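> show me how the following folds:
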Amino acid sequence: MSWQCRGLRWRPFANRRALLPSLWTVDRVLGYKRRMGVWCTISKSWIVVLAFCALVAAAADFTWDWRNQDVIGRTDSSLNNTSKLTEPERAELLDTVVLRLQKPMSERGYDDQRIREIASTTRLRFLDLGEGNPVILAMSLGLEGGCDVLVNCPFWIFRHTKDGYVSLLDTVGASYTIQPTSTNGFSDLVILRHDSPSRSKLTLYKYADGKYGDAGCYIATWPATKDGEIQDPEIASCKAEDSK
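This is a model prediction of the structure:
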């Protein structure tokens, strides 16, 4: 298709593609790519900044008083000698703990009798984590009981029901902290686990659907002591690799 105009023959649609190569010269293409490269770099930088701000904001919303943390130790009563359990309850709770120690200890070469003996030394603490919500905090101690060299040990929370003992939490930690907040009638908890002498992982647990679930991950970095006194740690949200 064509038109005559002042003696010239125009073919606008046929010639449009032919004109494009002359518009996109090598210099213009390279300039465009450079501008796009700068824009991508700026965009990625903003993404990093926004992600960092989100981590800082999440850490700012989390409060933890490390002075209020508690440790279950050898001075606590054991499953074998506590007076707060009836004999049927003791036998039932012992079977529950044995069930959790059976696999890891069997893999390390322990026989059933020794596993049961170790389970009977599990330390217990009886607490009410809310209005009318009595539970048992239990920790297996010692290297035989599953602790590591940083004294992170198997830690459980059990609740007694008509169907027996139900596990509300099954984790590994060195200490626990009862938070001033609560969820669904149960106090929120923070479980500390040492990654190194100067670094600890803090997991915030909240109660929902019959058990405690992970509700936040944070890292506490401990500065050097000053005049023999432990200093307040620096708290930051976990990075992706810390949450594993």
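> residue boundaries of the strands in the chain?
Along the chain, the segments classed as strands by DSSP state E run 3-5, 8-10, 123-128, 134-139, 153-161, 164-173, 175-183, 186-196, 199-208, 211-221, 234-237.
> ok, which of these comes nearest Leu99?
Among the strands of the chain, strand 164-173 comes nearest to Leu99, with 9.7 Å by CB to CB. Every residue, glycine included, has its C-beta placed from N, CA and C.
> tell me which other helices or strands that closest one touches.
When contacts are defined as 3 or more CB pairs under 8 Å, 6 or more residues apart in numbering; DSSP states H and E, strand 164-173 sits against helix 87-107, strand 153-161, strand 186-196, strand 199-208, strand 211-221.
> make a markdown table from those and add mean pLDDT to it.
What follows is those, written out as a markdown table (pLDDT from 0 to 100):
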| stretch | mean pLDDT |
| --- | --- |
| helix 87-107 | 97 |
| strand 153-161 | 96 |
| strand 186-196 | 97 |
| strand 199-208 | 98 |
| strand 211-221 | 97 |
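> those: which one's closest to Asp227?
strand 211-221 (19.7 Å).
> now the closest one against strand 164-173, angle please.
In terms of direction (axes from the mean of the first three to the mean of the last three CA atoms, to 10 degrees), strand 211-221 departs from strand 164-173 by 10 degrees.
> relative to strand 134-139, how tilted is strand 211-221?
Counting by the same axes, to 10 degrees, strand 211-221 lies at 50 degrees to strand 134-139.
> now strand 211-221 - C-alpha only, CSV.
The C-alpha trace of strand 211-221 is given here as CSV (Å, rounded to 0.1, in the frame of the first residue of the first chain):
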residue,chain,number,x,y,z
LYS,A,211,1.0,-27.4,71.5
TYR,A,212,3.8,-24.8,71.6
GLY,A,213,4.9,-23.6,68.1
ASP,A,214,7.8,-21.6,66.8
ALA,A,215,6.8,-17.9,66.7
GLY,A,216,10.1,-16.2,66.3
CYS,A,217,13.9,-16.7,66.0
TYR,A,218,16.6,-14.4,67.3
ILE,A,219,20.3,-14.4,68.0
ALA,A,220,21.9,-13.1,71.2
THR,A,221,25.5,-12.1,70.9
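> quickly list the domain ranges of this protein.
Following automatic domain parsing, one gets these domains for the chain: 12-61, 66-243.
> out of the strands of the chain, which gets nearest to Ser77?
Taking the strands of the chain one by one with CB to CB, strand 123-128 is closest: 5.8 Å.
> quick one, phi/psi of Ile72?
Backbone torsions of Ile72, given as degrees, to the nearest 10, read phi -90, psi 120.
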